[in-house]
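Student: below is the sequence, then the predicted model.
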Amino acid sequence: MGERSKQLVGSWTQAIGTVVAAIGSTPSIPIHENGRKGLGLVGNVLQATGNGLEADAQTSLTYGKLGNIIQATGNVTVSAGLAIDFPGDTGERLVISGDLIQALGAITALGSASRSYMVFGNSLQATGNSLQAIGGVRELKQEERNVLGLSQVSNEVLIALGSWIQALGTILLAIGLTLEEKN
């Protein structure tokens, strides 16, 4: 597989993974809790795979490649938090940490953003991952305190909103890359 094809496949794999994870995090979709966790796990594994393919497609170390490596690390961290039955709140803390690591990766990738779709896509990913982390922290603390003026929004809805914003960012990046390939 050529480097450009690998990058394109990686981009769409990541986008599919974010949509799968977002479906699993949406409280209005009637899914059993184990099913939600499973969708989150599958989605994050797909995202890590996609980020890995994208990073591998880049031959030199750039902010984009480094961002993909960091995002893949975040996805693996979230996956570990979902897949392993840790004692106490360790699993939830891993998910929150993984979301923040993913946000850091998206911000890092902005350093190589040469097209507007790259700026918007990575910014949306960073925003979405950050919202997921905020929702996770609020859920972990079980407090109804005002975080960024979002006290009326339930933690589950905040996490789902963040997931869908992240998904929108990855889809925007995949579409942009696809259109760029056609030109």
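Tutor: Structure received. Residues are numbered from 1 along each chain as shown.

Student: could you find the closest non-adjacent residue to Ser163?
Tutor: In space, Ser163 comes closest to Ala22 once its chain neighbours are excluded; the distance is 3.8 Å by CB to CB, 6 or more residues apart in numbering. Where C-beta positions appear, they are placed from N, C-alpha and C, glycine not excepted.

Student: show the contacting residues for the one you found.
Tutor: 43, 160, 163-164, 166-167 (CB atoms under 8 Å, 6 or more residues apart in numbering).

Student: quickly note the distance from Asn68 to Ser28.
Tutor: Counting by CB to CB, to the nearest Å, the gap from Asn68 to Ser28 is 32 Å.

Student: what do you get for Gly38?
Tutor: For Gly38, the distance to Ser28 equals 18 Å [CB to CB].

Student: counting neighbours, go ahead and name the busier of the two.
Tutor: Set side by side, Gly38 and Ser28 show more neighbours around Gly38, with 16 against 7, by other CB atoms under 10 Å.

Student: what ranges do the helices span in the protein?
Tutor: For the chain, the helices defined by DSSP state H cover 3-25, 33-57, 63-83, 90-109, 116-141, 155-182.

Student: name the nearest residue to Thr127, sequence neighbours excluded.
Tutor: For Thr127, the nearest residue in space outside its immediate sequence neighbours is Ile165; the separation is 5.6 Å by CB to CB, 6+ apart.

Student: quick check: that neighbour touching Gly135?
Tutor: No - the pair formed by Ile165 and Gly135 falls short of the contact definition of CB atoms under 8 Å, at 11.7 Å.

Student: looking at the two, which one has more neighbours?
Tutor: Gly135 (26 against 21).

Student: what is the end-to-end distance of stretch 57-68?
Tutor: The straight-line separation of the ends of stretch 57-68 (CA to CA, to the nearest Å) is 11 Å.

Student: okay, buried residues for that stretch please.
Tutor: Using 16 or more other CB atoms under 10 Å as the test for burial, stretch 57-68 gives 57-58, 64-68.
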